[in-house]
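[1] Provided below for reference: sequence and predicted model.
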Amino acid sequence: MIRIQQLKMHPGHSEKELEDRIEKMLHLRSGQIESYLIRKQSIDARKKPEIQYVYVIDVITRNVNETKCVERLRNSQISICQEKKYCFPTSGSTPLKERPVIIGTGPAGLFCGYLLAQKGYRPILLERGRDVDARTADVKQFWKTGTLDPESNVSFGEGGAGTFSDGKLNTLIKDKDGRGQYVLEIFVENGAQPEIKYEAKPHVGTDVLVDVVKNMRLKIEAWGSEVRFGCRADGFFIENAHIRGVKLSDGSILHTRLVVLACGHSARDTFSWLNQLDIQMEAKAFAVGLRVEHPQTLINISQYGSDYPEVLPPAPYKLTAQTKNGRGVYSFCMCPGGYVVNASSEENRLAVNGMSYSRRDAQNANSAIIVSVTPEDFGANGPLAGVEFQRKLEEKAYTIGNGNIPVQKYGDFSEKASKGKIPADFTPCIQGRWSFADVASILPKELKESFIEGMEKFGHIIPGFDDENALLSGIESRTSSPVRICRDETFQSNIRGLYPCGEGAGYAGGITSAAMDGIRIAEVIASEYAPYSLEENI
Ligand SMILES: Cc1cc2nc3c(=O)[nH]c(=O)nc-3n(C[C@H](O)[C@H](O)[C@H](O)COP(=O)(O)OP(=O)(O)OC[C@H]3O[C@@H](n4cnc5c(N)ncnc54)[C@H](O)[C@@H]3O)c2cc1C
């Protein structure tokens with residue numbers, strides 16, 4: 001196979017133009033390309049107004065000596081390459097007496113369950129929330145009426161926090177073992193857009209994610225595993241520092257010797273009983289801030305130039321700054337053409353987040369502008385101090401908005417706002433009830449000052465970012481887990497047989513990294529144990 005790097009094409013090019021270009025670069029005749037695969041596609045807008053798609057392409061040729069072809073070309077962009085495939089380990093031999101239990105069906109639990117189920121381990125997946133269809137109805141009802149179901153919402157239910165998300169699938173985690181690419185392949189096998197396998201910034205959208213999650217669950221069940229909805233893990237049965245069972249919300253005990261704990265970062269009640277059971281955990285740094293909305297066209301013009309071609313997708317951005325007091329301020333979970341959503345999961349507390357549909361066709365761009373906070377900020381008062389800090393901010397947000405998402409113009413938030421780029425009648429794109437309120441009063445003084453400093457700096461990068469009519473809403477408190485549930489080199493906690501996994505345990509920071517961590521735990525379990533045999537365990 002021949003790999004071409006840095007192949008540049010104009011936006012809106014046809015397949016035929018791309019094929020012609022490959023032929024030309026490789027000096028091939030018509031018919032000598034057997035097939036080609038796009039491995040990566042990104043947009044280069046550094047030399048505006050000239051914008052280009054940049055590709056990495058693998059080509060399989062017909063009746064061509066590829067090595068000789070590459071040698072002859074003497075072009076550093078062209079080389080021979082071998083396809084690397086993700087490889088699941090061969091099964092171990094330790095017999096499994098009881099079925100493994102996975103707590104949570106977010107990306108971490110779902111991917112762990114998918115792989116274990118496919119390989120014959122028959123895991124039982126426990127999910128406190130409802131199946132994705134019922135959950136979608138609950139979430140819509142909440143956004144319409146403000147009546148929250150604490151067990152079925154944007155954080156809890158089938159698919160976890162990833163379901164009602166933007167569905168951005170890029171991750172900063174290195175992918176030397178191919179797990180990240182494998183996650184994308186599984187997404188595509190279950191209904192996601194095939195392009196995500198090569199786009200530099202893969203995006204699925206909540207409307208597609210809902211189906212993907214359901215398709216994965218149906219396969220898990222078809223492979224002989226079980227998914228129990230409305231079934232919360234409320235404790236563990238532990239003997240001699242070994243897991244022996246899970247206490248369920250209906251009062252029963254599910255006996256098992258292997259538990260994957262993938263409860264996500266919003267399962268505060270779960271963190272609380274884990275702490276009481278002396279499962280090793282520690283407070284960790286995270287970040288809090290506010291969602292900021294701008295017209296998507298303002299972002300497009302800044303990123304692509306004023307005469308950008310219509311075929312380009314709504315532009316994203318990524319911003320970081322260091323404040324005078326040494327804090328990091330940065331954009332997080334940027335949603336082009338997206339919505340701010342009410343993502344609360346506790347009564348009388350309010351948290352926001354961002355999402356989009358596959359078309360990303362909402363009028364506004366939003367992102368969270370967040371400021372890092374460390375255990376020193378929220379007091380070193382045990383592993384759950386960060387949770388209490390989040391809760392206080394969420395209570396303030398709930399109170400000042402009277403239960404609605406509080407929204408404020410940046411000009412009313414800060415005297416330092418710039419003028420002239422966003423019209424005064426600019427309105428938010430929000431899923432959930434909202435009202436204007438004093439958002440500035442939610443953030444502690446130092447965080448508010450850092451936020452303003454960051455906004456000012458970002459205004460120099462994207463003109464109008466700090467405009468008086470940009471809209472803020474809050475609070476964005478759940479950017480990552482406030483705790484780490486410790487695991488050793490065997491991936492187990494101080495309680496043997498317990499595998500902390502995913503974002504809630506502090507080992508992931510998004511959909512893809514959580515899914516990758518789920519796969520990694522599936523690998524660890526499969527390498528040691530033999531698949532579960534129904535016959536032997538009757
Ligand atoms: C609105 C929104 C938009 C987002 N957008 C993106 C994005 O575009 N890209 C991205 O990479 N990330 C995004 N994220 C973050 C991403 O969703 C999370 O990083 C990811 O879902 C974490 O996966 P997880 O499996 O570790 O945990 P979660 O997805 O949180 O899943 C945990 C699951 O465990 C269940 N659970 C909890 N406690 C128990 C219990 N005791 N018993 C049984 N079940 C339990 C919960 O109900 C939940 O379903 C977004 C998050 C939100 C809320």
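    Structure received.
[2] in a helix, that's where residue 152 is, yeah?
    No: counting by DSSP: H, G, I helix; E, B strand; the rest coil, residue 152 falls outside a helix, being coil.
[3] next up, the contacts around it.
    Residue 152 makes contact with 129-130, 134-135, 138-139 under the criterion CB atoms under 8 Å, 6 or more residues apart in numbering. C-beta here means a position set from N, CA and C on the backbone, and glycine is covered the same way.
[4] read off the pLDDT value for it.
    With respect to pLDDT, residue 152 scores 97.
[5] again with residue 538
    For residue 538, the model assigns a pLDDT of 60.
[6] you'd agree residue 350 is up against residue 393?
    No: using CB atoms under 8 Å, residue 350 is not in contact with residue 393; the gap is 9.3 Å.
[7] neighbour count: these two, which is higher?
    Set residue 350 next to residue 393 and count neighbours by other CB atoms under 10 Å: residue 350 wins out with 29 against 22.
[8] what's the spacing between the more buried one and the ligand?
    13 Å (CB to the nearest ligand atom, to the nearest Å).
[9] quick revisit: export the contacts of residue 152 to CSV and append columns for secondary structure and distance to residue 11.
    What follows is these, written out as CSV (DSSP: H, G, I helix; E, B strand; the rest coil; distance: CB to CB, whole Å):
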residue, secondary structure, distance to residue 11
129, coil, 41
130, coil, 42
134, helix, 41
135, helix, 38
138, helix, 40
139, helix, 35
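[10] looking at the residues you listed, which is nearest the ligand?
    residue 129 (4.3 Å; CB to the nearest ligand atom).
[11] run a quick neighbour tally on the closest one.
    The tally of other residues near residue 129 (other CB under 10 Å) stands at 28.
[12] can you check residue 200 too?
    Using other CB under 10 Å, residue 200 has 12 neighbouring residues.
[13] over to residue 452?
    22.
[14] and it, how far from residue 354?
    21 Å (CB to CB, to the nearest Å).
[15] check residue 229 too.
    Separation of residue 229 from residue 354 (CB to CB): 26 Å.
[16] settle it for me: which of these two has more neighbours?
    Legend: neighbour count by other CB under 10 Å for residue 229 and residue 354, higher for residue 354 (27 against 20).
[17] let me know the helix or strand that the more buried one is in.
    strand 352-355 (DSSP states H and E).
[18] show me which residues of stretch 394-412 are buried.
    Using 16 or more other CB atoms under 10 Å as the test for burial, stretch 394-412 gives 394-401, 403-411.
[19] with stretch 512-528 instead?
    Residues 512-526 are the ones in stretch 512-528 that count as buried (16+ other CB under 10 Å).
[20] now swap in stretch 482-495 and tell me
    482-487, 491-493, 495.
[21] residue 470 and residue 409 touch, don't they?
    Yes: counting by CB under 8 Å, residue 470 does reach residue 409; the two are 7.3 Å apart.
[22] report the residue ranges of every domain in the chain.
    What automatic domain parsing lists as the domains of the chain is 2-80, 285-476.
[23] if I pick the residue of the stretch 1-150 of the chain found nearest the ligand, what's in contact with it?
    Relative to the ligand, the nearest point of the stretch 1-150 of the chain is residue 106 (2.0 Å; CB to the nearest ligand atom). Residues near residue 106 by CB under 8 Å, 6+ apart: 159-162, 262, 264, 502-503, 514.
[24] now the helix or strand bottoming out on mean pLDDT in the chain - C-alpha only, PDB.
    Least confident helix or strand, the chain: helix 375-378 with a mean of 84, by mean pLDDT, DSSP states H and E. What follows is helix 375-378 as a C-alpha-only set of coordinates in PDB (Å, rounded to 0.1, in the frame of the first residue of the first chain):
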ATOM      1  CA  PRO A 375      -7.900  21.100  45.500                       C
ATOM      2  CA  GLU A 376      -6.400  24.200  47.100                       C
ATOM      3  CA  ASP A 377      -9.400  26.300  45.800                       C
ATOM      4  CA  PHE A 378     -12.000  24.100  47.300                       C
END
